[in-house]
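> kindly generate the corresponding structure for this input.
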Amino acid sequence: MSSVVDAFSQGLKVFSKTLRIITQERFEVHNITELVKGLPRLAGITHGIVTIHALHTTTAIFLNEYQQALLDDIKETLRSLITDNGTYRHNNPDYSDCTRQNATSHLRAMLLGHNVSIPVEDGKLVLGRWQSILFAELDGPQERQIHAQVIGV
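All right, here's what the predicted structure looks like:
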């Protein structure tokens, strides 16, 4: 299915909103799909794109299935790739002024990514059957912010 919208004659709109998430654990994953779904409607946009961007270097945003066994697998895979007991310069006061001992959080966030963009058609996010928008807290608990921007007509 395809559709064409003349953005110039329709008047291109840009809408931004900062979403707030309070996390409870050092390493947790939240499904933020429902938070994002209403943004095109708030912006009055029927065709366009939503970009979601994490405002922290120790968080991540990605698309995947929100199913507990898979979330456990994701966490375990990240822990095996980037071990908690590794020797990291970021955690060493001889090399870094960071006192949080959070090198693993930075490295895991780098693997997952900090933003996603999702098309909007007829005012709805275009997501696959099993796709959810997931936010990973990798250095909590903390209050976190996600910047959302909707662009379209």
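
> what about this structure, any weak spots by pLDDT?
Filtered on pLDDT under 70, the chain yields the residue ranges 1-9.

> so which residue is smack in the middle of it?
Nearest to the geometric centre of the chain sits Ile61, at 2.0 Å (Cα atoms, centre = their mean).

> isn't Gly113 right up against Ala60?
Yes. Judged on Cβ atoms under 8 Å, Gly113 makes contact with Ala60 at a distance of 5.9 Å. In short, each C-beta sits where N, CA and C put it, glycine included.

> show me which of the two is the more surrounded one.
Ala60 (24 against 13; other Cβ atoms under 10 Å).

> would you map the helices across this protein?
7-10, 33-37, 39-43, 68-81, 103-112 (DSSP state H).

> contacting residues for the nearest residue to Leu127 once chain neighbours are set aside?
Spatial nearest neighbour of Leu127, chain neighbours left out: Ile118 (6.5 Å); criterion: Cβ to Cβ, 6 or more residues apart in numbering. Contacts for Ile118 were tallied using Cβ atoms under 8 Å, 6 or more residues apart in numbering; they are Val36, Ile49, Val50, Thr51, Ile52, Leu63, Leu125, Val126, Leu127, Ile133.

> if we go to 7 Å?
Contacts for Ile118 (Cβ atoms under 7 Å, 6 or more residues apart in numbering) come out as Ile49, Val50, Leu125, Val126, Leu127.

> just to revisit the earlier point, how about a markdown table for the helices of the chain, with distance to Thr18 added?
Formatted as a markdown table, the helices of the chain follow (distance: least, Cβ to Cβ, whole Å):
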| stretch | distance to Thr18 |
| --- | --- |
| helix 7-10 | 25 |
| helix 33-37 | 11 |
| helix 39-43 | 11 |
| helix 68-81 | 25 |
| helix 103-112 | 19 |
